[in-house]
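Q: I'd like to go over a predicted model; first the sequence, then the structure.
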Amino acid sequence: MSGSTITPWVIGNWKMNPMQADASALLQDFKQLLNNQNIAEDSCHIGVAPVAIALSAVRDELKQANRKILTVAQDLSRKAGTGAYTGEISAELLKDSAIEFVLVGHSERREIFGDHPQIINEKVKNALNAGLGVIYCVGESLEQRESGQAEHVVLQQICDIAAVVQPAQWKSIVVAYEPIWAIGTGKTASPADAQAMHAKIREGLSQITPEGQQMAILYGGSVKPENAVELAACPDINGALVGGASLNAESFYQIAQAFANTK
Ligand code: PEP
């Protein structure tokens, strides 16, 4: 037991996967595992982040689960409300579709799609103002880690959003620390390294907001059943953002169970 009083979160980021039939089978299998042995709602928040086109179907499918499972959007527009913004989905439209949470700042958005800090701030602000919870992703590259800048980079990413988060909105934010070199590579930060960065993030958050001590900080980067128990035992690791392993119902279930059991 870590002694943390923060309820853990395990969120599956499906990224640009899977096809409809496979998504449906994945959810059926996951719900079946929960039917066989449920994970108490107060022991772990569980959610999945499907592609935008599947959000409504997944939301409806998850209503039939025997416990709450959040449907999380992978991204949102930098533009708020409604209007002439072809291809975009605003925070208000997500909220209108009963979506409660959204990922912002994932390294794939930052690196491949040019989400720089100003864009990320607009997205965070829009999400919070529309009443969505934000899973805010931060993390350093391998080059930044090897040159000793990891802590500085990550804390700067935390400070970046402080400009747009109102004091009362911090409680709607979950932070996900995802070292870029560990995402989809099979390499995981050691529990000691991950814990050290999580403790720094908590310190940074606590200097910005009194909520900092109670905010959930998730780890992401090749989390799998084999490393979940060890990661979950770290006091400042309050859950996981899971990519690849969330596409397998049994693996995702075991990760959720690992976090639910150790907290
Ligand atoms: C992610 O996409 O957020 C992630 C952590 O992916 P993976 O678990 O596959 O490394």
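A: Yep, that arrived.
Q: so which bits of the stretch 151-263 of the chain are right by the ligand?
A: Contact residues, the stretch 151-263 of the chain versus the ligand (CB under 6 Å from any ligand atom): E178, I183, G184, G220, G221, S222, V223, L241, V242, G243, G244, A245. In this view, the C-beta of every residue, glycine as well, is placed from N, C-alpha and C.
Q: now these as a markdown table including pLDDT, secondary structure and neighbour count?
A: Converted to a markdown table, those look like this (pLDDT from 0 to 100; DSSP: H, G, I helix; E, B strand; the rest coil; neighbours: other CB atoms under 10 Å):
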| residue | pLDDT | secondary structure | neighbour count |
| --- | --- | --- | --- |
| E178 | 97 | coil | 28 |
| I183 | 92 | coil | 21 |
| G184 | 87 | coil | 12 |
| G220 | 97 | strand | 27 |
| G221 | 96 | coil | 27 |
| S222 | 94 | coil | 21 |
| V223 | 96 | coil | 31 |
| L241 | 98 | strand | 28 |
| V242 | 98 | strand | 28 |
| G243 | 97 | coil | 22 |
| G244 | 97 | helix | 19 |
| A245 | 98 | helix | 20 |
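Q: residues contacting the residue in the stretch 101-250 of the chain that the ligand sits nearest to?
A: The minimum distance from the stretch 101-250 of the chain to the ligand, using CB to the nearest ligand atom, falls at G243 (2.1 Å). By CB atoms under 8 Å, 6 or more residues apart in numbering, G243 lies in contact with G12, N13, K15, I183, G184, G220, S222.
Q: run the last query once more with 6 Å
A: Counting by CB atoms under 6 Å, 6 or more residues apart in numbering, G243 makes contact with N13, G184.
Q: say whether the ligand is contacted by the helix or strand where R145 lies.
A: Counting by DSSP states H and E, the element that carries R145 is helix 142-146. No: figure legend: helix 142-146 not in contact with the ligand (CB under 6 Å from any ligand atom); closest approach 13.8 Å.
Q: what element comes up after that helix heading to the C-terminus?
A: Heading C-terminal from helix 142-146 (DSSP H and E), you reach helix 150-162.
Q: packing partners of the least confident helix or strand in the chain by mean pLDDT?
A: Using mean pLDDT, DSSP states H and E, the weakest-scoring helix or strand in the chain turns out to be helix 142-146, at a mean of 94. Packing partners of helix 142-146 (3 or more CB pairs under 6 Å, 6 or more residues apart in numbering; DSSP states H and E): none among the helices and strands.
Q: local confidence estimate at K263?
A: Looking at K263, its pLDDT reads 60.
Q: mind listing what's buried in stretch 24-36?
A: Neighbour-count burial for stretch 24-36 flags L26, L27, F30, K31, L33, L34 (criterion: 16 or more other CB atoms under 10 Å).
Q: what does it rub up against?
A: By CB under 6 Å, 6+ apart, stretch 24-36 touches E61, A65, N66, A249, Y253.
Q: those residues in helices, which ones?
A: Among these, the ones falling in helices (DSSP state H) are E61, A249, Y253.
Q: checking G47 next. Helix, strand or coil?
A: For G47, the assignment made with DSSP: H, G, I helix; E, B strand; the rest coil gives strand.
Q: and the gap between it and I69?
A: 6 Å (CB to CB, to the nearest Å).
Q: quick check: N248 vs I255, distance?
A: Following CB to CB, the distance that separates N248 from I255 is 10 Å.
Q: now the strands: where do they sit in this structure?
A: 9-13, 45-49, 70-73, 101-104, 133-138, 173-177, 217-220, 239-242 (DSSP state E).
Q: quick one, which of the ones you listed is packed in tightest?
A: Highest mean neighbour count of those: strand 239-242, a mean of 29 (counted as mean count of other CB atoms under 10 Å).
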